[in-house]
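Q: need a 3D model of the following:
(one chain, ligands or ions: 1)
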Amino acid sequence: MDFALNEHQEMVRDMVRSFAEEKIRPTASERDRSGKFPQDVFNEMGELGLLGMLVGAEYGGAEMDLLSYLIAVEELARVDASVAVGMTVTNSVCCWPIMQFGSREQKEEFLPKLASGKAIGGFMLTEPQAGSDAGSLRTRYRAEGDEWVLDGSKAWITNGGVGRYFVCLATRDPGLGAKGISAFILDAEQEGVQVNRPEEKMGLRSSKTCMVSLDGARVPGKHLLGAEGEGFRIALQTLDHSRLGIAAQSIGIATAALEESLRYARDRHQFGRPIMDQQAVAFRLADMDTRIEAARGLLHRAIWMAEHEMRHTRESAQAKVFASEMCNEVVSAAVQIHGGYGYSSEYTVERLYRDARVTTIYEGTSEVQRMVISRALRQRAEALG
Ligand SMILES: Cc1cc2nc3c(=O)[nH]c(=O)nc-3n(C[C@H](O)[C@H](O)[C@H](O)COP(=O)(O)OP(=O)(O)OC[C@H]3O[C@@H](n4cnc5c(N)ncnc54)[C@H](O)[C@@H]3O)c2cc1C
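A: Residues are numbered from 1 along each chain as shown. Coordinates of the predicted model:
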């Protein structure tokens, strides 16, 4: 077992870390206040190859290994989780399924634009009445000539209004259940796609999340992703993969909270000495550090399995649920260590506390992850005889 990063992975980490420190950190708090989407940062990420990290070189991507990609997500989240989520959505739930399930023609048409940042990507699964129970989605499609026509509403769509291409799930007939669902590559810049005003969110404020109405939106026949009826399988496999991005994001936010706390506990004096020298504070820091490393261990195991093409549904869910819950505990501990100052927007931990909250909700809530894990345990129980 080798826990060391190779030379290439170290290079990616150092490159993304210095980009994040120089180009993202100085304006992160300001963006949190204004909610302005950082198009300039995304343009630069496109130039650096950060928006098509898992896309093959023949389609203009950086063709990196999964660990390098997730190190990049962690480094971005350590500085600004809003930027990290937009980046991971375009990589994990748009480029990745096109790379995995797309035809050569689809890859040639969409991936070079997505990987270069000329177009940002996204994923449209959730609907107002279909969240955890995604298989109950009601957005319908029908064939008309050599096109597909989509009607329905999609909720909570990250990169809504700033993204162009979305992997969109719709059903031929809700009565068919999961078998009726197909996946399409939807161009959001067309008639019939109405992106509503961004949601006013607690955190991730410069990431845009919108309700999208589809009213006779047209998709060319050739933009069906995979075969008709394969959409739900494509969505589930995409989520197995993309949950690793949320685990990495959670580890990045928690790492930032630990670093802020170390700095503060070293410099803040009470009772005549740094609060870090109070054992209760030191032990809290020790637990934060240990839990971050435990989450990283689970994530790296899931990455290893994915890279060896092993089924990793359970491991991906375990990494996501543990890392996101750890993240929420760590940011809460960081606010506690900062005392009253942790409750002030002058201090970074206040933003981290708000940004962390969604990690146990999106890409499957903690309860959904536990459903996935317990399904695997059920099989194990049966096998015990
Ligand atoms: C900032 C943000 C960005 C997002 N981006 C995207 C995106 O880009 N694309 C996209 O498609 N979606 C996106 N989502 C949607 C997200 O994936 C859903 O919010 C999530 O899957 C939960 O669905 P829901 O909000 O409808 O909650 P619900 O499914 O209504 O759940 C409500 C509560 O009930 C619990 N619950 C539900 N069913 C069960 C059960 N069987 N057993 C136990 N507990 C249960 C849930 O765990 C939760 O605690 C985003 C959401 C947010 C907040």
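Q: doesn't residue 22 lie inside a helix?
A: Yes. The assignment for residue 22 by DSSP: H, G, I helix; E, B strand; the rest coil puts it in a helix.
Q: so for the closest residue to the ligand within the stretch 51-200 of the chain, what's the pLDDT?
A: Using Cβ to the nearest ligand atom, the closest approach of the stretch 51-200 of the chain to the ligand is made by residue 131 at 1.8 Å. All C-beta spots, glycine's among them, are computed from the backbone N, C-alpha and C. For residue 131, the model assigns a pLDDT of 97.
Q: which residue, other than its chain neighbours, is closest to it?
A: Nearest in space to residue 131, with sequence neighbours left out and distances taken as Cβ to Cβ, 6 or more residues apart in numbering, is residue 155 at 7.7 Å.
Q: for the helix or strand hosting that neighbour, which strands pair with it and how are they oriented?
A: Using DSSP states H and E, residue 155 falls within strand 147-158. Here strand 147-158 is paired, per DSSP bridges, with strand 140-144 (antiparallel), strand 209-220 (antiparallel).
Q: buried stuff in that strand?
A: Under the neighbour-count criterion of 16 or more other Cβ atoms under 10 Å, strand 147-158 has 148, 149, 150, 151, 152, 153, 154, 155, 156, 157, 158 buried.
Q: check what pLDDT residue 3 gets.
A: So, for residue 3, pLDDT stands at 85.
Q: phi, psi of it?
A: Dihedral pair for residue 3: phi -100, psi 0, per degrees, to the nearest 10.
Q: surely residue 74 is in a helix?
A: Yes. Applying three-state DSSP, one finds residue 74 inside a helix.
Q: near it, how many other residues are there?
A: 25 (other Cβ atoms under 10 Å).
Q: next structured bit after the longest helix anywhere in the chain?
A: If you go by DSSP state H, the chain has its longest helix at helix 231-267. Per DSSP H and E, the first helix or strand lying C-terminal to helix 231-267 is strand 269-270.
Q: give me the average confidence score over that next one.
A: 98.
Q: run through the helices of the stretch 1-150 of the chain in chain order.
A: 7-19, 25-34, 39-48, 66-79, 81-88, 96-101, 104-116 (DSSP state H, counting those that start in this stretch).
Q: need the CA coordinates for the third one. PDB is fine.
A: Looking back up the chat, that one is helix 39-48. Presented in PDB, the C-alpha positions along helix 39-48 are these (Å, rounded to 0.1, in the frame of the first residue of the first chain):
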ATOM      1  CA  GLN A  39     -16.400  34.000 -14.700                       C
ATOM      2  CA  ASP A  40     -12.800  35.200 -14.900                       C
ATOM      3  CA  VAL A  41     -11.700  32.400 -12.500                       C
ATOM      4  CA  PHE A  42     -13.500  29.800 -14.600                       C
ATOM      5  CA  ASN A  43     -11.900  31.200 -17.800                       C
ATOM      6  CA  GLU A  44      -8.500  30.700 -16.200                       C
ATOM      7  CA  MET A  45      -9.400  27.300 -14.900                       C
ATOM      8  CA  GLY A  46     -10.300  26.300 -18.400                       C
ATOM      9  CA  GLU A  47      -6.900  27.500 -19.700                       C
ATOM     10  CA  LEU A  48      -5.200  25.500 -16.900                       C
END
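Q: other residues contacting that helix?
A: The contact list for helix 39-48, computed with Cβ atoms under 8 Å, 6 or more residues apart in numbering, reads 15, 19, 23-24, 51, 83, 86-87, 115-118, 120, 162.
Q: mind checking pLDDT for the closest residue to residue 91 other than its chain neighbours?
A: Distances taken as Cβ to Cβ, 6+ apart put residue 53 closest to residue 91, at 5.5 Å, once the chain neighbours are dropped. Looking at residue 53, its pLDDT stands at 98.
Q: residue 53 and residue 67 touch, don't they?
A: No. Contact between residue 53 and residue 67 fails when scored by Cβ atoms under 8 Å: they sit 10.8 Å apart.
Q: more crowded one of those two?
A: Set residue 53 next to residue 67 and count neighbours by other Cβ under 10 Å: residue 53 wins out with 29 against 22.
Q: any idea how far the residue nearest to residue 91 is from residue 365?
A: According to Cβ to Cβ, to the nearest Å, residue 53 and residue 365 sit 27 Å apart.
Q: who in the stretch 51-200 of the chain is up against the ligand?
A: Within reach of the ligand by Cβ under 6 Å from any ligand atom, the stretch 51-200 of the chain has these residues: 89, 122, 123, 124, 125, 126, 131, 132, 156, 157, 158.
Q: wait, the fifth one sits on residue 171?
A: No. Contact criterion Cβ under 8 Å: residue 125 and residue 171 do not qualify, at 11.7 Å.
Q: residues shared between the contacts of the two?
A: residue 137.
Q: quick one, domains of this protein?
A: 7-120, 122-228, 233-383 (automatic domain parsing).
Q: pull up the distance across the longest one, start to finish.
A: Spelled out, it's domain 233-383. 25 Å (Cα to Cα, to the nearest Å).
Q: ok, it near the ligand or not?
A: Yes. Domain 233-383 lies within reach of the ligand by Cβ under 6 Å from any ligand atom, at 358, 361, 362, 363, 364, 365, 367, 368.
Q: so residue 180 makes contact with residue 174?
A: Yes. Using Cβ under 8 Å, residue 180 is in contact with residue 174, at 6.9 Å.
Q: more neighbours, the two?
A: Shown here are residue 180 and residue 174; by other Cβ under 10 Å, residue 180 has more neighbours (20 against 15).
Q: now the more buried one: how far from residue 212?
A: 21 Å.
Q: cool, and residue 280?
A: From residue 280 to residue 212 the distance is 48 Å (Cβ to Cβ).
Q: okay, now the unreliable bits of this protein?
A: Along the chain, segments meeting pLDDT under 70 are nowhere present.
Q: tell me the residue in it that is farthest from the middle.
A: Within the chain, the residue lying farthest from the chain centre (Cα atoms, centre = their mean) is residue 272, at 43.7 Å.
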